[in-house]
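S.K.: Pasting the sequence and the predicted model now:
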Amino acid sequence: MRTDFGELVIEQVIVHSVPSRPRNDPRDYTVELSDEASSLTDKVQSALERRLIKILNSHACSVTEDPEPKSPLPDWVRDFMAEEQGLLEVSGHLARHLQDCQTGRNSRGLLVVASARLARRPALLMVKLEQETGMQARRVGEEGKRTFDVQFFADLLFTEKANVFKLALFTADGAEADLLQGWAADRQRSNQRMASFFLHDYLGCGFTEDPAEMTSRFHETALKWVNTRLSEPADAHTRVEYTMAVLAELKSSPENLNPRDFAGLHLKGSHRQEFLTHLAENGIPDRTFVKDTTLIDVRLQKMQVSFDSGAFLVAPLDTVDETVTFEALEGGGTKATVIGEVTAARGFSPPGGRPKKTTPDAQSAETDRLDDSRATDDQ
């Protein structure tokens, strides 16, 4: 599916108020539904598009409908794309479904549902915005019809007065697949998994790529590029620097990893596009994916630097910057300096370097072989 979020265009916006539902509270907390779309000025529309595009680019992960239905949402999205239900009707379903999925831990807030276009193809956007205590959305409308002033929603986004927004975007292309495909983001939980109630219960989706497998592939592919692209002696310092950046990024706390952001932050300008092209050629997207280091945790604790002499240096990743320096020498080669107190010195046996233990039967067979060899030599 196309992922150029910069081509997102919002057409209509409907805002509903979704109250929280405290557990064991017998009172009825009714969803406040709008009766019509909110009025959009050109200024507010442009501002909303810029803000949402930024969030999509930095946080959105690819999601796919769960094979076993857990939510009616994918069917409503397909109905909307097929023009079997309009925006007002579908957004009402989505608002009531959101309340059903939430527990008493979820704050009251607004659900914004928008018809949009992405690369000129129909799209459906939904944003869950949690309000701070005391903030009230302004209701407007004529002739008894209720709606929300979308300027209020825009103000919340622009000033970051809201605790969060959770966001999902689906397109006509994604609705045409056997299983609905789209993108989702959860800015409230930057250091944790995306809220399960939102991803699974509400959207009825899971991550398109297995996070642990994708993270492992990024690790392997990124380091392969570093060590093949920067193979000259003069590149040694940069190679070490990039390796440390890859390992540190994978060990860092944010749940999501965006290769394009990584390249922009850690790589030199001339290397960025090469790196992203290499990732793409190996099936790694240049957009956000969920990070899970389960398969590579043991490989993120220390960094090894090998030399052509056969010597190598192993150091805990957290201490490399403070204890190890690398210096390019004029005649070629690299000088590594380790600062610290020597605590031990001993012989070293590389993995697999120890001789195999010989069983008594094997020893006997070896003795017979030697005796036969000597007898042959005497003839």
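M.R.: Looks like it arrived, so ask away.

S.K.: Please enumerate the helices of this structure.
M.R.: 42-59, 73-81, 87-101, 150-159, 172-175, 196, 211-229, 236-251, 259-266, 269-281, 320-323, 360-378 (DSSP state H).

S.K.: now the ones you listed in a markdown table, with mean pLDDT and mean neighbour count?
M.R.: Placement of C-beta: from N, CA and C, glycine included. Output for those, formatted as a markdown table (pLDDT from 0 to 100; neighbours: other Cβ atoms under 10 Å):
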| stretch | mean pLDDT | mean neighbour count |
| --- | --- | --- |
| helix 42-59 | 87 | 17 |
| helix 73-81 | 97 | 22 |
| helix 87-101 | 93 | 19 |
| helix 150-159 | 59 | 18 |
| helix 172-175 | 94 | 21 |
| helix 196 | 84 | 10 |
| helix 211-229 | 93 | 18 |
| helix 236-251 | 88 | 19 |
| helix 259-266 | 93 | 17 |
| helix 269-281 | 94 | 15 |
| helix 320-323 | 76 | 14 |
| helix 360-378 | 48 | 9 |
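
S.K.: right, and those helices - which one's nearest residue 291?
M.R.: Among the helices of the chain, the nearest to residue 291 by Cβ to Cβ is helix 211-229 (5.2 Å).

S.K.: and residue 119, which of the helices of the chain is closest to it?
M.R.: Across those, closest to residue 119 is helix 172-175 (Cβ to Cβ), at 8.7 Å.

S.K.: Other residues contacting that closest one?
M.R.: Under the criterion Cβ atoms under 8 Å, 6 or more residues apart in numbering, residues 1, 2, 77, 78, 81, 82, 121, 122, 123, 180, 181, 182 lie in contact with helix 172-175.

S.K.: Run through the residues that contact the residue lying closest to residue 292 once chain neighbours are set aside.
M.R.: Using Cβ to Cβ, 6 or more residues apart in numbering and skipping residues adjacent in sequence, the residue nearest residue 292 is residue 211, 3.7 Å away. Going by Cβ under 8 Å, 6+ apart, residue 211 touches 289, 290, 291, 292.

S.K.: Quick one: buried ones out of the contacts of helix 172-175?
M.R.: Buried subset of these (neighbour count, 16 or more other Cβ atoms under 10 Å): 1, 77, 78, 81, 121, 122, 123, 180, 181, 182.

S.K.: pretty sure the third one contacts residue 180?
M.R.: Yes - here residue 78 lies in contact with residue 180, judged by Cβ atoms under 8 Å, at a distance of 6.9 Å.

S.K.: Touching both of these two, which residues are there?
M.R.: In contact with both residue 78 and residue 180: no residue, using Cβ under 8 Å, 6+ apart.

S.K.: Next, count neighbours for the residue nearest to residue 256 when sequence neighbours are not counted.
M.R.: Excluding its sequence neighbours, the residue lying closest to residue 256 (Cβ to Cβ, 6+ apart) is residue 288, at 4.9 Å. Using other Cβ atoms under 10 Å, residue 288 has 23 neighbouring residues.
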